[in-house]
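K.L.:
One predicted model, sequence on top.
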Amino acid sequence: MNKIAKLFVTFFSALTLALVSFTSSFAKVEGDYIVLGSAISLTGKYSSNGVHTQNGYNMAVDRINKMGGVEVQGKKYKFEIIYYDDESNPKRAAQLAERLIKQDGVHYMLGPYSSGLTKAIAPVTEKYKIPMVEANGASRSLFTKGYKYLFAVLSPANQYLEVAIDLAVEKNGGKGVRIAQAFEQDAFSQDVRLGILDAAKRTGSEIIIDDKLPKELNDMAATLAKVKATKPDVLVVSGHTKGALTAIRQISEMKVDVPMLAMTHCDAAKLSKQHGKKSEYALCASQWHKNLSYKDKFFGGGKKYARDFQKEFGYDPPYQSAESSAALLVFKDAFERANSFDRDAVRDALVDTEMQTFYGNIKFGPGGQNVAKPMILFQVRCKGDDCENRVVAPTKWASDKFYHPIPKWSERS
Amino acid sequence: MDFLIFKAPMLMVQASLDGILLGILFALIAYGMALQWGVMNIINIAQGDLVILGGYIAYTIYLWGIHPAWGVIISPIIMFFVGWGLYKLVINKVVDRDLFISILATFGIAIVFQQLMNFIFGADVVVAQSEYGTTMLFDNSVTLPNSKIFSAFISVLYAVALVIYMKKSRLGRAIRATAQNARAAKILGVDTEKVYAATFGINAALCGIAGALISITLTLHPYVGLPYTVRSFMIVIVAGLGNLPAVAVSGMGLGLFEEFADYILGTEFRIGAVFLLLVLILVYRRFKLSKKREYLK
């Protein structure tokens, strides 16, 4: 028995060694393949959005490879991605980033899902000078640390709901409005809050309720009772999907009447599906919507992207997938402009990125955030029990007029 | 904005009712925890995860097109067997060991349950719709979701039923005997093994009821179990073991305290305030005990 056990141990250590030496020879470019690495949440609390991110990446890899791949120094290369499951755990994500770089020899990274995990990985990629294009970390603090190798295709979190305040002021005849706000105490939502504070200052608006909700947010009855008593012009709520679902549940149950309700994470929460008509008139911030008129030669426009995505994965693409696909378009463009696999050359090419994708215009600011793409707002509108998200701002892409003010609960059927 | 609650007295009514209704629901979970803590001397870290699993059972029947309120009957039945099975599989091995081992074991169970729920039901936050509407009082200035009233009512109903069952039934008496002195009960012919399994099952069933109620009043997510564990732990600490009416009072009291802390100190301090209260109560208890010249084991 003991002998067999020893034999097994020897065998497995030999196998591990062989694998390690094999994988470490897997450098940045293997034959015809450019190898990218990504730690992504396939299990744990971010697993649904992690999968949306991965599907977005995979969709773009397939499309770019099928349409000729990436041309560097006259030779065509294809993309390939090594994925590891970070279990939605920042520590694990940082370890995996280290492993991708040191053991697997990856020289170019794609971002994970969520601001928290991106924050965990960014110091690692920075340390090894590995360019990372990320599509799912919007927290403002990612872009104020002076990172040189971090590039985000999405708009930073503080821009999420600023548009909503502008819209409210516009409806109020250009005069400042009274704002009630409730934000979860996490990096992302607090960044959204900072954006509102800026917007309030800029427009001369007054913040009358400023609640910070706990992370285990499942009850905001007290906040809503205050809203009922103070009658603000706008109610702003951000607390990921649980915040959106809790808000609609309790606003409808407590019959809270506000002229305007602005939120984040409505589509991730499947708000209109889970709450149906109760979610009508809610305004939601979104990075992307399929009806926008941006175009590129790989995916055509948003509508075509949505159709192709639906065909391949069987569901409508959330913006998390769209922005992830855009990250690969950015990489392709940078490789071709750099015309080299030198990391610093690629990084410099990324800095100079200025392009349009189906997802939106992309140009990186000094902190690495995308400065060329505005956030959009959609409003949930229902016909009978069928609800859908319609773009209402910015006006350039609005498919529908912004419905304001929200009818009182006593008048809603 | 200073002390809005004193300017608008109706807010006080609203806060009190919200606090009490939610407190009753938490008391039900704490009741289960106190029961199995008292009987088996096990602090169940997986309590909240049992609650969430119960909620997912109700959510599943809701997806099948059955009204989620039926969850308060179906969920405890299924959860009783889950609890029983859990006892036979894990808990019976740690029941006589020290508290630390049982905490570790139930912590492990909590992680397994979270991952399983994530695997089966997905990581999305979900809600079940009861469509119970709203009760409006004082000219619409105080609103109470009927789902909350319903959940408080069901909680009280089950709690009362359980108290009666514990007093009158054979198993209830055996459970109480085991809680008082397991060895003596064993000598007198009580099958303590069975009592333990039943206790854990009953606790899980109570969690199942609470979970079903949470699915229609709050939200469900595979990873939100821990706050429920902590909350029920606090209620039990404040109330003491083996004192079921005190559990109800402390559940409601904490609910009320939390709501008022929200208005007076601000939302960000509401949980901090509850913890501060817990520390104060523990210090006070210690002080009282030292005066009595008693000591804690």
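P.N.:
Nice, thanks for sending it over.

K.L.:
Where does A:G195 fall, secondary structure wise?
P.N.:
Following DSSP states H and E, one finds A:G195 within helix A:187-203.

K.L.:
Check the gap between the residue lying closest to A:P232 once chain neighbours are set aside and chain B for me.
P.N.:
Using CB to CB, 6 or more residues apart in numbering or on different chains and skipping the chain neighbours, the partner closest in space to A:P232 is A:A180 (3.9 Å). To be clear about C-beta, it is placed using only N, CA and C from the backbone, and glycine gets the same treatment. Look at A:A180 and chain B: by CB to the nearest CB, to the nearest Å, they are 10 Å apart.

K.L.:
and if you look at A:Y315?
P.N.:
Note on A:Y315: its distance to chain B, by CB to the nearest CB, is 12 Å.

K.L.:
What residues does that residue make contact with?
P.N.:
A:F309 (CB atoms under 8 Å, 6 or more residues apart in numbering or on different chains).

K.L.:
what about the longest strand in chain A?
P.N.:
Ordering each strand of chain A by length in residues (DSSP state E) puts strand A:75-85 first.

K.L.:
re the thing from before, for the helix holding A:G195, list every residue counted as buried.
P.N.:
A:187-193, A:195-197, A:199-200, A:203 (16 or more other CB atoms under 10 Å in any protein chain shown).

K.L.:
before we move on, what about stretch A:138-158?
P.N.:
Quick answer for stretch A:138-158 (16+ other CB under 10 Å): A:138-143, A:147, A:149-158.

K.L.:
what about the helices in the stretch 101-250 of chain B?
P.N.:
For the stretch 101-250 of chain B, the helices defined by DSSP state H, counting those that start in this stretch cover B:146-168, B:170-180, B:182-187, B:192-217, B:225-239, B:244-265.

K.L.:
Which one of the residues in the stretch 101-250 of chain B is closest to chain A?
P.N.:
As assessed by CB to the nearest CB, chain A sits closest to B:P145 within the stretch 101-250 of chain B, at 3.6 Å.

K.L.:
What is the burial count for the residue lying closest to that residue once chain neighbours are set aside?
P.N.:
Computed as CB to CB, 6+ apart, the closest residue to B:P145 that is not its neighbour in sequence is A:E253, at 3.6 Å. Other residues lying near A:E253 total 23 when counted by other CB atoms under 10 Å in any protein chain shown.

K.L.:
for B:L276, same thing?
P.N.:
Neighbour tally, B:L276, other CB under 10 Å: 13.

K.L.:
where's the residue nearest the centre of chain A relative to A:A152, distance?
P.N.:
Geometric centre of chain A, nearest residue: A:N136, 3.5 Å, by CA atoms, centre = their mean. Computed as CB to CB, to the nearest Å, the A:N136 to A:A152 distance reads 9 Å.

K.L.:
and for the two, which residues touch both?
P.N.:
A:G111.

K.L.:
in stretch A:279-293, what counts as buried?
P.N.:
Neighbour counts over stretch A:279-293 (16+ other CB under 10 Å) mark A:279-292 as buried.

K.L.:
quick one: A:K215 from B:Y223, how far?
P.N.:
Distance of A:K215 to B:Y223, given as CB to CB: 11 Å.

K.L.:
neighbour-wise, which of those two wins?
P.N.:
A count of neighbours by other CB under 10 Å puts B:Y223 above the other of A:K215 and B:Y223, at 19 against 14.

K.L.:
which residues in the stretch 251-400 of chain A form strands?
P.N.:
A:261-263, A:283-286, A:295-296, A:300-301, A:354-357, A:360-363, A:376-383, A:386-393 (DSSP state E, counting those that start in this stretch).

K.L.:
returning to that earlier point: which is the next helix or strand following the helix holding A:G195?
P.N.:
strand A:206-213.

K.L.:
Go through that next one and flag the buried ones.
P.N.:
By neighbour count with 16+ other CB under 10 Å, strand A:206-213 contains the buried residues A:I207, A:I208, A:I209, A:D210, A:D211, A:K212, A:L213.

K.L.:
With stretch A:397-408 instead?
P.N.:
Buried positions in stretch A:397-408, judged by neighbour count with 16+ other CB under 10 Å: A:W397, A:A398, A:F402, A:Y403, A:H404, A:I406.
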